[in-house]
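Q: need a 3D model of the sequence below.
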Amino acid sequence: MATSTPPSKPPQKPTYAAAHFALELDGQDEVGMFRSIEGGGIKAEVLTYQHGNTHERWHQLGKPKFEDIKLQVGMAMSHPFYQWIKAFIEKQPIRKSGAIVAADFHYKERARREFKEALIREIVFPKLDGSDKSAAYMTIGLAVEEIVFKPGEGKDVKTGNYNSQKLWTSCNFRFKLDGFESACSRVSKVDSFTLKQEIAEYNHGDKFRGTVKCPTRIEFPQISFYVPEADADPFFTHFTKRGVNGEVPGRLNGEIQTFDSEGHNLFTLSFIGADIANVQPDKSDASTEEVKLVKIDLYTEAMTFEYLAHEVE
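A: So this is what the prediction gives:
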């Protein structure tokens, strides 16, 4: 009696640990490696409706929603990526399509997440601290109109300037403010701050189930920095004239410069139309031996961004 052979199971794809992540933009090969990614999922709202006079309820999926993608990047991206950041900060939003590539430990492509019509929604600049030698990373939030998940093709992922990922450390910075050059020579810290752009969503119906996302205004944050109390007198004097007495000494301009360990410029973030909104001394405590600092808050009306690392690559 013949016995039937059970059907063979198709081979399972091997699992992997995603150790490296790369970004593609506008059909270019990898424009850089980044530290981490979150978001970028797809979901749909569940609609509930009731028919006639019955108690039954039916469910149906509504329009798809594509979550924002958040990238944590250092200095391992290419020049086009930082030009995208520059355009965003200077109120010239640009749409880009591309892909997030997940690679294994051997830099082989294992998965792709392709997106379309991405706009930068926000940029989070990290805290800068003269006593902190750890690597610094920006967080970039992208609003996208479509995401497609695809398996990787197993090709090699170009690492580009991945070795420069940790070139930017929290302690390598210089803070400048026009008219306060001497007082800013010992700025010890700059708090993290976020630039945000409101994204308007437009649904035009017909057969298009997705949502069109349009850029609106950009919100420029306050910048908070710290100086020793011994250097704070010029800031108290200025704020007394401007904020207390109502005089108009004029708007302030300044910049934050960042450097690598060898002193080469990485990027410069300039702020325009700024003024002091708060001067706040640290808590006084007789039991501490730490240097007494004064926190100073600046509002800003505009910013510019210049990526300089490519000049020394």
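
Q: what are the boundaries of the helices in the chain?
A: Per DSSP state H, the chain carries helices over the ranges 79-89, 233-239.

Q: residue 304 is nearest to which of the ones you listed?
A: helix 79-89 (6.5 Å; CB to CB). C-beta coordinates here come from the backbone N, C-alpha and C atoms, glycine included.

Q: can you list the buried residues in that closest one?
A: By neighbour count on 16 or more other CB atoms under 10 Å, the buried set for helix 79-89 is 81-82, 84-86, 88-89.

Q: and if you look at stretch 33-44?
A: Those would be 33-35, 37, 40, for stretch 33-44 by 16+ other CB under 10 Å.

Q: output these as a markdown table; include the columns distance to residue 197.
A: A markdown table is the format used below for the buried residues of stretch 33-44 (distance: CB to CB, whole Å):
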| residue | distance to residue 197 |
| --- | --- |
| 33 | 25 |
| 34 | 20 |
| 35 | 23 |
| 37 | 20 |
| 40 | 18 |
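
Q: which ones among those are found in strands?
A: With DSSP state E as the criterion, strands contain 33-34, 37 from among those.

Q: among the helices of the chain, which comes closest to residue 49?
A: Of the helices of the chain, the one closest to residue 49 (CB to CB) turns out to be helix 79-89, at 40.9 Å.

Q: so what touches the closest one?
A: Under the criterion CB atoms under 8 Å, 6 or more residues apart in numbering, residues 23, 25-26, 28, 31-32, 73, 93-94, 96, 120, 123, 140, 195, 197, 218, 267, 269, 303-307, 310 lie in contact with helix 79-89.

Q: what is the rounded mean pLDDT of it?
A: When pLDDT is averaged over helix 79-89, the result is 91.

Q: what do you get for stretch 111-119?
A: Stretch 111-119 shows a mean pLDDT of 90.

Q: and what of stretch 251-268?
A: 90.

Q: next, the buried residues of that stretch.
A: Applying 16+ other CB under 10 Å to stretch 251-268 flags 252-260, 265-268 as buried.
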